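Peer 1: Got a sequence here, can you model it:
(one chain, ligands or ions: 1)
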Amino acid sequence: PALFIFNGPNLNLLGTREPEIYGTTTLAEIEAACVEKARGHGLAVDFRQTNHEGTLVDWLHEAHAAGAKAVIINAAAYTHTSVALLDAAKAITPPVIEVHLSDPQTREDFRHLSYIGQAAAACFKGKGLTSYLDAIDAAAAL
Ligand code: DQA
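Peer 2: You can find the predicted model right below:
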């Protein structure tokens, strides 16, 4: 696949997780919309979720080895904690695009810092599912 879309911890609970912040759209619904959006650009997508930081590191390496056009990542809470993910994003060739459903800048102070954002080609946030779809458009335009 040309595009890899990786989702971090707790995003498997979308639909019931803090709906006042994240809405009621499930991750399966986000995946279906992303696959459809990418298809419109003639791009295949590999869409995944894990709760484990090291797995996200491994997947970034895998996307590099696969020659991905781009990696779109919602690193969830690891956004704000993980130097390992930043280093992985810096180590790989495919551009990394950061996405968030909410806008972390308007939330608690501890969400204001994004490590992986320091290696991201672009960031789309605060628009729910549309953040992902905008990221796919940006990836297609690269
Ligand atoms: C999130 C924002 C993060 O701060 C949070 O830890 C998440 C989800 C988002 O998509 O809005 O788990 O990445």
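Peer 1: where do the helices sit along this protein?
Peer 2: 19-22, 27-40, 53-65, 83-91, 129-141 (DSSP state H).
Peer 1: Against which helices or strands is the third one packed?
Peer 2: By that I understand helix 53-65. Counting contacts by 3 or more C-beta pairs under 8 Å, 6 or more residues apart in numbering; DSSP states H and E, helix 53-65 is packed against strand 3-7, strand 70-74, helix 83-91. Backbone N, C-alpha and C define where each C-beta goes, glycine included.
Peer 1: Mean pLDDT and mean neighbour count for these - can I get that in CSV?
Peer 2: Output for those, formatted as CSV (pLDDT from 0 to 100; neighbours: other C-beta atoms under 10 Å):
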stretch, mean pLDDT, mean neighbour count
strand 3-7, 98, 25
strand 70-74, 98, 26
helix 83-91, 98, 18
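Peer 1: Pretty sure E98 is one of the things A120 touches, is it not?
Peer 2: Yes - if you go by C-beta atoms under 8 Å, A120 and E98 touch, sitting 4.1 Å apart.
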